[in-house]
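Chemist: Following is a predicted model, sequence given first.
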Amino acid sequence: MATSEIDAGVEYLRDRTALHDVLIAYAFAVDSLSDMDGLLGCFTEDAVFDLSGLNLPRYHGHAGIRGFFAQVFADMTHHAHFVTNFRVDRLEGNEAKCRAYIMGMGKARSGLEILVYVLYNLEYRRSGESWKISYFDERTLMPMPESLTAIHGRE
Amino acid sequence: MATSEIDAGVEYLRDRTALHDVLIAYAFAVDSLSDMDGLLGCFTEDAVFDLSGLNLPRYHGHAGIRGFFAQVFADMTHHAHFVTNFRVDRLEGNEAKCRAYIMGMGKARSGLEILVYVLYNLEYRRSGESWKISYFDERTLMPMPESLTAIHGRE
Amino acid sequence: MATSEIDAGVEYLRDRTALHDVLIAYAFAVDSLSDMDGLLGCFTEDAVFDLSGLNLPRYHGHAGIRGFFAQVFADMTHHAHFVTNFRVDRLEGNEAKCRAYIMGMGKARSGLEILVYVLYNLEYRRSGESWKISYFDERTLMPMPESLTAIHGRE
């Protein structure tokens, strides 16, 4: 390979790894049920967090995302989001689009348990050295349980 | 590292990523329940798709694979294949052998639901820039549910 | 990129891949219910295998780990450990710390079935070309089923 090709190859692989790492960091933060800073650090300030595919609201920016997860963290005693099938659909310059499958589960203080199988659509922006999620939505892969809106549905 | 070692390192990592990407593309295509071209694009023209480990038939080439999935796509309303534990057992020149774990689930028009835990054995061939699956079989990791043959068993 | 930066980039990506590969090799060996050498080959001679987070014992070195898994292999007819969310928390010189999520399931000769959702905390040491796990513990992500101690609890 020419040096320029090696350069591009390494850059590409490092970017892919970084994009995946942000999503894994998101899962760990969500599942900590406490690490709000770690969670918000995965998103750009102006990120859109869109749960309309689950018949839940669309949240805007760190303030909106914080509001949603403050309630989630208060409501849940257990959370686990298993991330698989990460896929880079586009990676150009400082922008990327990726998808992933998530098996998400949790148990609420109320005793309700939830298990969902969803697809995440993710857009990222790079600023400086770090990639952050600028757009997030999810849609169902399998029929959703009734308990989802029972747990997260209130506004 | 010497330049040749860096070269080899980058090549190896790019190939691994590409091999994994083909399998993820397969999962997305299977779960789309419509993208037959995307699905067949993951396989060499002469690929063997062997489901005998599940007491189902062995299919040959694009025509055979298309026939099986045309029926699957018609039968199912939901599909999700979660791919984990991807492992490269051999990668030499234009050939590779890999394995992966899959949690596969689906819901049929008939209402039947299915959930399986299986191991994929994969052989790949590279032609030009792209890797494709030339041999595919799967075997069970956990006891199989009765519903598998009820859903996919007819010929 | 400067040559030294490319070097470091390739090295970093190769190490990450190797660290992940050891964990996947561990899962395959555990799930084989027979490959004790493959299993022990994932661990340093002095490794600590700590199941106290599951109210099970802490095992020391290859002898301790072999003892635990000899019993597991004898008890179980099926095993599957799905590894996701692999994360490198630290990678410096010949030491690394990583975490991962595991969906672990099995069926015992007794007929008991088990399904757990756990987090692995892993420390690795590199010796020569190969990374091995020097410390392993796990803790629950979701409430544990009663069957865990029924299956693995005896000493």
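Modeler: Yep, that arrived.
Chemist: which parts of chain A sit against chain C?
Modeler: With CB under 8 Å from any CB of the partner chain as the criterion, chain A meets chain C at residues A:6-7, A:10-11, A:13-14, A:17, A:21, A:24-25, A:27-28, A:31, A:78-84, A:103, A:105, A:107. Where C-beta positions appear, they are placed from N, C-alpha and C, glycine not excepted.
Chemist: A:D50 - how many residues pack around it?
Modeler: Residues near A:D50, counting by other CB atoms under 10 Å in any protein chain shown, number 18.
Chemist: nope, A:G128 is what I meant
Modeler: Using other CB under 10 Å: A:G128 sits among 6 other residues.
Chemist: quick one on the thing from earlier: so of the residues of chain A next to chain C, which ones are in helices?
Modeler: When DSSP state H is applied, the residues of chain A next to chain C are split such that A:6-7, A:10-11, A:13-14, A:17, A:21, A:24-25, A:27-28, A:31 fall in helices.
Chemist: and those near chain B, which?
Modeler: Among those, proximity to chain B is found for A:6, A:10, A:13 (CB under 8 Å from any CB).
Chemist: ok, the closest residue to the first one other than its chain neighbours - contacts?
Modeler: Put plainly, it is A:I6. Leaving aside its chain neighbours, A:I6 sits nearest to B:V10 (5.5 Å; criterion: CB to CB, 6 or more residues apart in numbering or on different chains). B:V10 sits next to A:1, A:6, A:9-10, A:13, C:10 when contact means CB atoms under 8 Å, 6 or more residues apart in numbering or on different chains.
Chemist: One more: A:L141?
Modeler: Contacts of A:L141 (CB under 8 Å, 6+ apart): A:101, A:117-119, B:31, B:78-80.
Chemist: Roughly how far does the closest residue to A:E11 other than its chain neighbours sit from A:L91?
Modeler: In this structure, A:E11 finds its nearest non-sequential neighbour in C:M1, 7.4 Å apart by CB to CB, 6+ apart. Per CB to CB, to the nearest Å, C:M1 is found 17 Å from A:L91.
Chemist: how about the nearest residue to whatever residue of chain A ends up closest to chain B, chain neighbours excluded?
Modeler: Using CB to the nearest CB, the closest approach of chain A to chain B is made by A:L141 at 3.9 Å. Distance criterion CB to CB, 6+ apart; nearest residue to A:L141, sequence neighbours excluded, is B:A80 at 3.9 Å.
Chemist: Could I get the contacting residues of that neighbour?
Modeler: If you count contacts by CB under 8 Å, 6+ apart, then B:A80 has A:101, A:117, A:141-142, B:31, B:104-106 around it.
Chemist: A:M142 contacts B:K107, correct?
Modeler: Yes. In this structure A:M142 lies within contact range of B:K107 using CB atoms under 8 Å: 6.8 Å.
Chemist: quick one: low-confidence ranges for chain A?
Modeler: A:146-151, A:153-155 (pLDDT under 70).
Chemist: Do a quick rundown of the helices in chain A.
Modeler: A:3-32, A:36-40, A:61-75, A:147-152.
Chemist: So for B:A74, which of the ones you listed sits nearest?
Modeler: Taking CB to CB, helix A:147-152 is the member of these nearest to B:A74, at 28.9 Å.
Chemist: Give the buried residues for the lengthiest strand in chain A.
Modeler: In chain A, ranked by residue count with DSSP state E as the criterion, the top strand is strand A:76-92. Buried residues in strand A:76-92, defined by neighbour count with 16 or more other CB atoms under 10 Å in any protein chain shown: A:76, A:78-88, A:91.
Chemist: what pairs with that strand, and is each one parallel or antiparallel?
Modeler: strand A:95-108 (antiparallel) (DSSP bridges).
Chemist: the inter-axis angle of the strand it pairs with versus helix A:61-75?
Modeler: Going by axes from the mean of the first three to the mean of the last three CA atoms, to 10 degrees, strand A:95-108 is angled at 20 degrees with respect to helix A:61-75.
Chemist: In PDB, could you pull the C-alpha coordinates for strand A:95-108?
Modeler: Presented in PDB, the C-alpha positions along strand A:95-108 are these (Å, rounded to 0.1, in the frame of the first residue of the first chain):
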ATOM      1  CA  GLU A  95     -20.100  13.200   9.700                       C
ATOM      2  CA  ALA A  96     -21.300   9.700  10.000                       C
ATOM      3  CA  LYS A  97     -24.500   7.600   9.900                       C
ATOM      4  CA  CYS A  98     -24.700   4.300  11.700                       C
ATOM      5  CA  ARG A  99     -27.200   1.700  12.800                       C
ATOM      6  CA  ALA A 100     -27.300  -0.900  15.400                       C
ATOM      7  CA  TYR A 101     -29.600  -3.500  17.000                       C
ATOM      8  CA  ILE A 102     -30.400  -3.200  20.700                       C
ATOM      9  CA  MET A 103     -31.900  -5.700  23.100                       C
ATOM     10  CA  GLY A 104     -33.000  -3.400  25.900                       C
ATOM     11  CA  MET A 105     -34.400  -4.500  29.200                       C
ATOM     12  CA  GLY A 106     -35.200  -3.100  32.500                       C
ATOM     13  CA  LYS A 107     -37.100  -3.400  35.700                       C
ATOM     14  CA  ALA A 108     -39.000  -0.500  37.200                       C
END
